[in-house]
Structures are given as C-alpha cells and as structure tokens.
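Here is the input, now give the coordinates:
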Amino acid sequence: MKPNINVFWFKRDLRLVDNEALISAISEPYPLLLIYLFEPIFIKDVHTSERHLTFIKQSLLDINNLLKKLKTQVHIYELDVVSFFEVLIKRYQIKTIFSTEETGLDFSYKRDINFKLFCKKNNIKWEEHPRNGVFRGKKNRDKWVENWKSLMSSQILSFNPKFDDFINLEISEIKRKKIKSVKSNKVQKGGPTEAHKYLKSFLNDRYKKYHFKISKPELSRYHCSRLSPYFSWGNLSTRYVWQLAKKEIEKGKSRLHFNSFTSRLRWQSHFIQKFEMEPEMEFRSINKGYKKNKTVNNKYLNAWKKGKTGFPLVDASMRCVVKSGYLNFRMRALLVSFLTHHLWQNWQDGVVHLAKNFLDFEPGIHYPQFQMQAGETGINMIRIYNPVKNSLEHDPDATFIKKWVPELKNLPLNLIHEPWKINSMEEKLYSFKLGKNYPKPIVDLKKTYKHASQELWKLKANPIVKKESIRILKKHTNANRKAFDD
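Sure thing, here's the model as predicted:
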C-alpha cells in the first residue's frame with residue numbers, strides 16, 4: 001500500500017513566513033513534500049529572462065539554507081507539473097497539494113486548468129490560497145477595499161513546523177535540479193533573507209525621504225523601498241510589510257512617508273486584481289475601442305530598446321533598467337509614453353522587452369500599467385511625458401543621466417539635458433560631435449506631442465471607447481467613481 005503524503009508546490013511565494021498555503025499544509029497530519037518546478041513553459045516564455053531565473057534560484061538556495069535545521073529542503077526539478085505528479089503518484093498516495101494562487105500569464109492559466117483536470121482524474125485535492133489581497137472569481141469591485149484591508153489587518157502567520165512534518169525523497173525516474181550559488185552583478189539578490197535586509201533598512205532609515213524622492217530617477221534608488229522584486233517573486237507578503245510599516249507610524253515615525261508607502265501596497269493589489277479579472281489584456285487593450293493599428297518602425301523600436309533615441313533621460317532610463325533591472329515608477333511611465341506617444345508605436349511591441357528586463361516583473365501590474373501609460377484604457381487621464389521637462393525637474397544636476405549615458409558627462413549641464421542645442425564652437429571645445437558621440441534626436445518632440453495628443457483625444461471620444469469606459473469603470477473601480485469628462 002502506498003504511503004500517504006501531502007505536497008506543497010512553491011510558485012510566486014518563495015518564502016516561509018506568512019505563507020498562508022504553506023502554514024495550512026504543515027498543519028495537516030500527513031508528511032509534507034516541498035517542491036519547486038522550473039517548468040519548460042515558464043523557462044521558454046518570452047517574458048522570462050535569465051535575471052528572473054537567477055533571482056528564483058537565489059531564493060530557493062536561501063530557503064533551503066533556512067530549512068537545514070529542519071533537515072528538509074525544497075525539492076527542485078526542471079519538469080512540467082503533470083509529468084512530475086504522474087511519477088509521484090506511482091509511489092505515494094497524494095492526499096492534498098497546497099499552493100498559492102497565481103495571477104499569471106496565459107500559459108500559467110492554461111497550465112492550471114490542465115493540472116486541475118489531472119487532480120480530479122486522480123482523486124487528488126488541490127488547495128489554493130489567495131495571494132496578497134487578490135481575490136479570484138470577483139465580477140466587480142464591491143467590498144474589495146474592505147476585504148483587502150481586513151486581510152492586511154489579519155494575523156501574520158509564523159512558520160513553526162516540527163521535524164517530522166516533512167518528507168524527503170529521491171525519485172530515480174527524474175533527477176533533481178542542482179543549483180549552485182548564483183551571483184547577480186548590479187542586480188538585487190533574491191531570497192527572504194535579502195528581502196528582510198532591504199525591509200529593515202527602509203523601515204529604519206531610508207523611508208525618511210520616500211514621499212519626496214520617489215519620482216527622482218537616481219535618489220529613488222535609495223529612498224524607495226526597493227521591495228518590488230521581493231513582492232513579485234514572493235519573498236515577502238504584502239500583509240507582513242503593510243503591518244510592519246503601520247507599526248512604524250505607531251512608534252511616532254513619519255505618517256506622511258509610511259502612509260504614502262502603504263497606499264502603494266494597496267495600489268499593487270488593485271492592478272493585479274484588475275488583471276486577475278480580465279487577463280485578456282495580455283493580448284489586447286482592456287478597452288476594446290483601441291486597436292493595434294500603428295505602423296511598426298523597427299528603427300524607432302531598436303533605438304528605444306538600446307537607449308539610443310537622442311533623448312538623454314529616456315536613454316538613461318532604458319540603459320539603467322537593462323543593466324540593473326530596476327527603475328522608479330515615473331521613469332517607467334516615461335519609457336512607455338515615449339514609445340507609444342512620441343514614437344507612435346503599439347504598446348504590444350515594447351511590453352515584452354521591459355518585462356524581460358524588469359527584475360520585479362509582475363504580469364498583473366505590468367500589463368495594466370503599460371496600457372494606462374499608453375493612454376489606452378479610456379478611463380485615465382491622458383499623460384504624454386515630456387522627456388526634457390522631466391529631466392530638468394527630476395534630474396536637475398544630471399546625476400542619473402551622467403551615470404548611465406557617460407558620453408554626455410563632459411558637457412555643460414544645459415547641454416547634457418538638451419545635447420542637440422550644441423553649436424559648432426562647443427563641439428570643438430568639448431570634443432563632442434552630435435550624431436557621432438551621441439545620437440541626434442530621433443523625433444521632433446513638438447510635432448510628436450501634437451500628433452499624439454490629437455489622436456488620443458480623438459480616440460477617447462470614439463463611441464466604442466466611451467461604451468467600454470463605462471464597462472471598465474463598473475467592473476474594475478469603486479461604484480462611486482465617475483469617468484473623466486471628455
């Protein structure tokens with residue numbers, strides 16, 4: 001007779017503390033097997049990059065180090081989920097599989113449907129738990145805020161298992177994936193231990209200028225929490241961080257900075273909830289009145305991806321995120337706006353490039369935000385970012401630009417912001433030739449702003465867009481919210 005076991009399947013919840021599904025699993029009477037699967041469909045997906053895989057590997061190594069005292073580990077395999085369990089059920093009677101719900105891409109949604117059928121066919125219970133205040137099956141936002149706040153205020157779950165709670169195994173039919181220590185140059189390291197270091201330094205000191213420096217491309221790298229990758233891959237739970245931040249206010253620390261921070265935690269869940277309720281936006285604009293109808297310009301796309309558009313803040317932002325995996329929110333919005341408005345390219349043609357480069361890639365935030373910044377929701381105010389204006393306001397000393405576009409660093413400040421204004425005498429003086437040392441501007445900002453503004457407002461007035469806007473407001477926002485006046 002096959003022995004009874006339970007299985008915990010790690011996905012985007014790579015932590016031990018305040019992992020609801022994991023705590024539920026260890027409370028059950030059967031021995032628990034911990035697994036993580038590097039699924040081929042995930043590895044091959046166009047959104048997945050080596051930096052994502054590295055972050056996950058670092059997280060698993062960290063978790064296994066924490067589990068050593070319990071004489072167990074996360075068993076890691078490079079295999080699809082059905083194939084893995086087809087092997088496992090030959091040896092064990094699997095009572096329950098525990099995991100955290102995943103608001104993922106189309107491939108993971110189809111994978112879950114297929115796996116659910118497998119579980120039903122083999123009489124296995126699959127118990128999934130909600131993730132970070134995102135609730136499955138909702139038709140609208142009735143009581144969503146109340147439910148989110150209730151969850152955030154509920155008890156943080158400690159990880160206190162016993163030695164005999166776990167089972168370790170070797171399966172001859174499939175080899176475990178061995179992971180060695182992986183370094184990540186200039187990119188944040190993954191794992192709960194590293195996540196708690198960032199959290200502690202933010203709560204203790206770095207928060208002090210959070211509200212005022214969040215839009216600054218260079219200063220935000222220090223004064224923002226830098227916790228986004230740890231949320232995206234599950235090294236931290238939103239509830240855990242939310243409660244610790246609120247406790248800092250109770251201690252007498254800045255209400256302004258911490259309330260600003262915790263409001264953004266709800267904002268994260270809000271957008272993931274939107275994607276959970278309408279995952280089709282991976283492939284189309286959430287507002288069906290907008291179509292993929294812009295002419296593809298590969299010259300523009302390549303210049304944008306390589307950070308060679310001739311606009312210093314745009315290029316610095318792209319080079320920064322390609323190299324480091326991190327960029328603050330305003331500069332992300334600038335990159336999307338420049339692509340979709342000034343270069344007049346479809347958002348679909350840039351969305352994967354940034355997904356691969358964002359260390360904190362979270363589908364539920366990435367796709368709704370990309371469309372919002374592209375001006376294709378119909379319910380949000382149209383914002384066309386001016387890269388020069390943002391450069392002067394948010395990087396006045398050009399610290400960020402000089403760091404990431406070093407070919408401009410020897411120019412005087414005014415020319416670093418607007419190198420196209422250099423004259424022939426200055427070119428000789430600074431040994432700098434526009435078009436040689438740095439690209440000429442790829443477009444005329446005044447013309448592109450005028451064109452994008454006219455077209456976007458024209459589209460916003462389209463009857464289909466208006467009708468869709470009403471539907472979106474009804475489904476995805478508070479009942480009291482009204483559409484912007486056209």
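
other SSEs contacting the helix ranked longest in the chain?
Longest helix in the chain, counting residues (DSSP state H): helix 255-277. Helices and strands touching helix 255-277, as assessed by 3 or more CB pairs under 8 Å, 6 or more residues apart in numbering; DSSP states H and E, comprise helix 144-153, helix 210-213, helix 238-250, helix 363-373, helix 463-476. From N, CA and C alone the C-beta is placed, and that goes for glycine too.

From the rest of the structure, what touches the helix or strand just after that helix?
Sequence-wise, the next helix or strand downstream of helix 255-277 (DSSP states H and E) is helix 298-306. The list of residues contacting helix 298-306 from outside it, by CB atoms under 8 Å, 6 or more residues apart in numbering, reads 309-310, 314, 318, 335, 338-339, 343, 345, 349-350, 353, 439, 442-443.

my guess is residue 81 meets residue 115, correct?
Yes: counting by CB atoms under 8 Å, residue 115 is a contact partner of residue 81 at 5.3 Å.

To residue 109, which of the helices and strands packed on helix 255-277 lies closest?
helix 363-373 (10.1 Å; CB to CB).

For the helix or strand following that closest one, list every residue counted as buried.
Next helix or strand after helix 363-373 toward the C-terminus (DSSP H and E): helix 387-394. Neighbour-count burial for helix 387-394, counted by 16 or more other CB atoms under 10 Å, picks out 387, 388, 390, 391, 392, 394.

so who does the third one touch?
Read that as residue 390. Counted by CB under 8 Å, 6+ apart, residue 390 has contacts 313, 330, 334.

Okay, now the unreliable bits of the stretch 251-400 of the chain?
Applying pLDDT under 70 to the stretch 251-400 of the chain flags no residue at all.

quick check, nearest of the contacts of residue 390 to residue 139?
Nearest member of the contacts of residue 390 to residue 139, counting by CB to CB, is residue 330, at 33.3 Å.

secondary structure class for the closest one?
Secondary structure assignment for residue 330 (DSSP: H, G, I helix; E, B strand; the rest coil): helix.

On the pLDDT front, check the residue nearest to it when sequence neighbours are not counted for me.
Spatial nearest neighbour of residue 330, excluding adjacent residues (CB to CB, 6 or more residues apart in numbering): residue 215 at 4.5 Å. Note for residue 215: predicted pLDDT of 97.

What is the neighbour count of residue 215?
17 (other CB atoms under 10 Å).

Mean neighbour count for the helices and strands packed on helix 255-277 - can I get that in CSV?
Listed next are the helices and strands packed on helix 255-277 as CSV, based on neighbours: other CB atoms under 10 Å:
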stretch, mean neighbour count
helix 144-153, 15
helix 210-213, 17
helix 238-250, 18
helix 363-373, 23
helix 463-476, 16
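
Which one of the ones you listed lies nearest to residue 50?
Using CB to CB, these put helix 363-373 closest to residue 50, at 18.1 Å.

what angle do that closest one and helix 255-277 make?
With axes from the mean of the first three to the mean of the last three CA atoms, to 10 degrees applied, the angle from helix 363-373 to helix 255-277 works out at 100 degrees.

Which secondary structure elements does helix 363-373 sit against?
Counting by 3+ CB pairs under 8 Å, 6+ apart, helix 363-373 packs on helix 255-277, helix 329-337, helix 351-357.

Contacts for the last one, please.
Counting by CB under 8 Å, 6+ apart, helix 351-357 makes contact with 46-49, 51-52, 305, 321-322, 325, 332, 335-336, 361, 363, 366-367, 370, all of which sit outside it.

of those residues, buried ones?
Once neighbours are counted (16+ other CB under 10 Å), the buried part of these comes down to 47-49, 51-52, 305, 321-322, 325, 332, 335-336, 361, 363, 366-367, 370.

my guess is residue 126 is in a strand, correct?
Yes: per three-state DSSP, residue 126 lies within a strand segment.

bridging residues for it?
residue 97 (DSSP bridges).

Check whether it really touches residue 96, as I assumed.
Yes: assessed by CB under 8 Å, residue 126 is found in contact with residue 96 at 7.5 Å.

now, which of the contacts of residue 390 sits nearest residue 416?
Taking the contacts of residue 390 together and measuring to residue 416 by CB to CB, the closest member is residue 313, at 9.9 Å.

Nearest spatial neighbour of the closest one, chain-adjacent residues omitted?
residue 391 (4.0 Å).

Quick check on residue 10: phi, psi?
Dihedral pair for residue 10: phi -70, psi 140, per degrees, to the nearest 10.

do the one 3 residues further on as well
Listed backbone geometry of residue 13 is phi -140, psi 50, with angles given as degrees, to the nearest 10.

who touches the residue of the chain most remote from its centre in this structure?
Taking CA atoms, centre = their mean, the residue of the chain most remote from its mean C-alpha position is residue 425, at 46.2 Å. Residue 425 sits next to no residue when contact means CB under 8 Å, 6+ apart.

try residue 441
Neighbouring residues of residue 441 by CB under 8 Å, 6+ apart: 309, 310, 311, 420.

just checking, the first one touches residue 338?
It stands for residue 309. Yes: at 7.2 Å, residue 309 counts as touching residue 338 under the criterion of CB under 8 Å.
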